[in-house]
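Q: pasting the sequence and the predicted coordinates here, then a few questions.
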Amino acid sequence: MEKYIPIMLKSEGLRAAVIGGGPVAERKIMQLLQSGANIKLISPSVTGPLHQAAQEGSLIWYNRNYTEGDLQGVSLVYAATDQAEVNERVAKEAARLGIPVNISGPGLGGTFISPSVVRRGDLIIAVSTSGAGPAASVRISREIDDSYGDEYEAYIDFLSKVRQIVKSTVPDGARRRTLLKAAAEMDILRDIRRGEFKPWTEQEIEAWIKGNITNN
Ligand SMILES: C[C@@]1(CC(=O)O)c2cc3[nH]c(cc4nc(cc5[nH]c(cc(n2)[C@H]1CCC(=O)O)[C@@](C)(CC(=O)O)[C@@H]5CCC(=O)O)C(CC(=O)O)=C4CCC(=O)O)c(CCC(=O)O)c3CC(=O)O
Ligand SMILES: NC(=O)C1=CN([C@@H]2O[C@H](COP(=O)(O)OP(=O)(O)OC[C@H]3O[C@@H](n4cnc5c(N)ncnc54)[C@H](O)[C@@H]3O)[C@@H](O)[C@H]2O)C=CC1
């Protein structure tokens with residue numbers, strides 16, 4: 001089995017090329033679009049939703065086969081055709097340019113794979129079987145989907161706000177770490193679930209910081 005490391009890639013403004021325009025390409029593209037990437041789609045045929053996205057100007061569609069040179073200026077590539085030979089040519093050009101490339105269908109030479117993803121606002125949970133069984137990734141992420149409700153969105157927003165204020169107001173590293181660990185251990189989720197949580201104001205967060213620093 002190949003070995004993989006998970007990473008979170010900043011996608012705003014990312015220039016990505018997708019080769020192929022079937023349902024699999026569509027799934028990859030819809031995720032990229034939601035994350036603000038700029039997409040160059042190269043395929044002689046595309047699904048209805050992709051056609052619509054092109055008409056709306058959400059992506060740039062080249063209505064033709066892939067040809068070498070198409071990857072100039074992009075920093076991420078998805079080869080999603082049903083032709084091994086085409087996917088492999090894309091992977092070769094990407095390797096020459098040093099760009100990460102995903103192969104969703106037949107063919108060798110891909111350098112990253114797409115996980116199955118559960119999102120709750122800024123919380124992202126990604127599941128992968130390292131390519132062994134995508135259907136198992138889907139099943140596992142459904143289980144996660146069932147156990148992580150919408151309350152996690154408000155919870156992560158809360159943690160983010162506390163962390164921002166702690167980072168900008170507490171210069172001492174050890175104190176900062178103690179505070180951030182304490183914030184992560186607060187049982188805010190229970191309050192959110194009960195509908196009893198009122199987002200803290202900046203003043204309330206600062207007061208909590210002061211209280212916790214003097215207690216340590
Ligand atoms: C290696 C990888 C490369 C990549 O695409 O990045 C890959 C490859 C292949 N998948 C195939 C089939 C299926 N793929 C899915 C579903 C998903 N596949 C995804 C990822 C990955 N698929 C990467 C590994 C992920 C991991 O590590 O686990 C998901 C998670 C994410 C996404 O695609 O965005 C997405 C779920 C999205 C969601 O959460 O809903 C289903 C199930 C379904 O559709 O419900 C089936 C049918 C059942 C089955 O075949 O198992 C085939 C064709 C086999 C054939 O027919 O010959 C290949 C090619 C091959 O195996 O050679
Ligand atoms: N990774 C995944 O999640 C999954 C992968 N697959 C595999 O992925 C592949 C793609 O799946 P689908 O989108 O359903 O296939 P599809 O057959 O519907 O689409 C293939 C697309 O590739 C395009 N294409 C073909 N030759 C091309 C070329 N030379 N240049 C540019 N585009 C070209 C076609 O116009 C078409 O839009 C299949 O081989 C399938 O077995 C299937 C299911 C899930």
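A: Perfect, I can see it now. Ligands and ions are numbered 1, 2, ... in the order given.

Q: going by C-alpha atoms from here, please, whenever you check contacts or count neighbours.
A: Will do.

Q: list the contacts of stretch 206-215.
A: Residues from elsewhere that reach stretch 206-215, judged by Cα atoms under 8 Å, 6 or more residues apart in numbering: Ile165, Val166, Arg175, Leu179.

Q: wait, is the last one part of a helix?
A: Yes - counting by DSSP: H, G, I helix; E, B strand; the rest coil, Leu179 is part of a helix.

Q: ok, it - contacts?
A: Val166, Ile209, Asn212, Ile213 are the contacts of Leu179 under Cα under 8 Å, 6+ apart.

Q: what is the helix or strand encompassing the first one packed up against?
A: With secondary structure defined by DSSP states H and E, Val166 is part of helix 151-169. Helix 151-169 makes packing contacts with strand 123-127, helix 173-185, helix 188-193, helix 202-215 when contacts are defined by 3 or more Cα pairs under 8 Å, 6 or more residues apart in numbering; DSSP states H and E.

Q: if we use 7 Å, what do you get?
A: helix 173-185, helix 188-193 (3 or more Cα pairs under 7 Å, 6 or more residues apart in numbering; DSSP states H and E).

Q: flag every residue of the chain that's near ligand 2.
A: 19-25, 42-46, 65-66, 80-83, 86, 104-106 (Cα under 6 Å from any ligand atom).

Q: mind checking which of these are buried?
A: Among the residues of the chain next to ligand 2, those classed as buried by 16 or more other Cα atoms under 10 Å are 19-22, 24-25, 42-43, 45-46, 66, 80-82, 86, 104.

Q: out of these, who's near ligand 1?
A: Among those, ligand 1 is touched by Ser104 when using Cα under 6 Å from any ligand atom.

Q: from the buried ones among the residues of the chain next to ligand 2, which land in strands?
A: Members of those lying in strands (criterion: DSSP state E): Ile19, Ile42.

Q: returning to what we had before: PyMOL command to pick out the buried ones of the contacts of Leu179?
A: Listed next is the PyMOL selection for buried residues among these, using 16+ other Cα under 10 Å:
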select buried, resi 166+209
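
Q: any low-confidence regions in the protein?
A: Counting by pLDDT under 70, the low-confidence segments of the chain come to 214-216.

Q: which residues touch the closest residue in space to Val46 that isn't next to it in sequence?
A: In this structure, Val46 finds its nearest non-sequential neighbour in Gly21, 4.2 Å apart by Cα to Cα, 6 or more residues apart in numbering. Listed by Cα atoms under 7 Å, 6 or more residues apart in numbering, the contact set of Gly21 reads Ser43, Ser45, Val46, Thr47.

Q: how near is Gly21 to Gly73?
A: 20 Å (Cα to Cα, to the nearest Å).

Q: repeat for Gly131
A: 28 Å.

Q: ok, Ala80 next?
A: Ala80 is 19 Å from Gly73, by Cα to Cα.

Q: neighbours around Lys40, how many?
A: 22 (other Cα atoms under 10 Å).

Q: likewise for Asp172?
A: Per other Cα under 10 Å, the neighbour tally for Asp172 reads 9.
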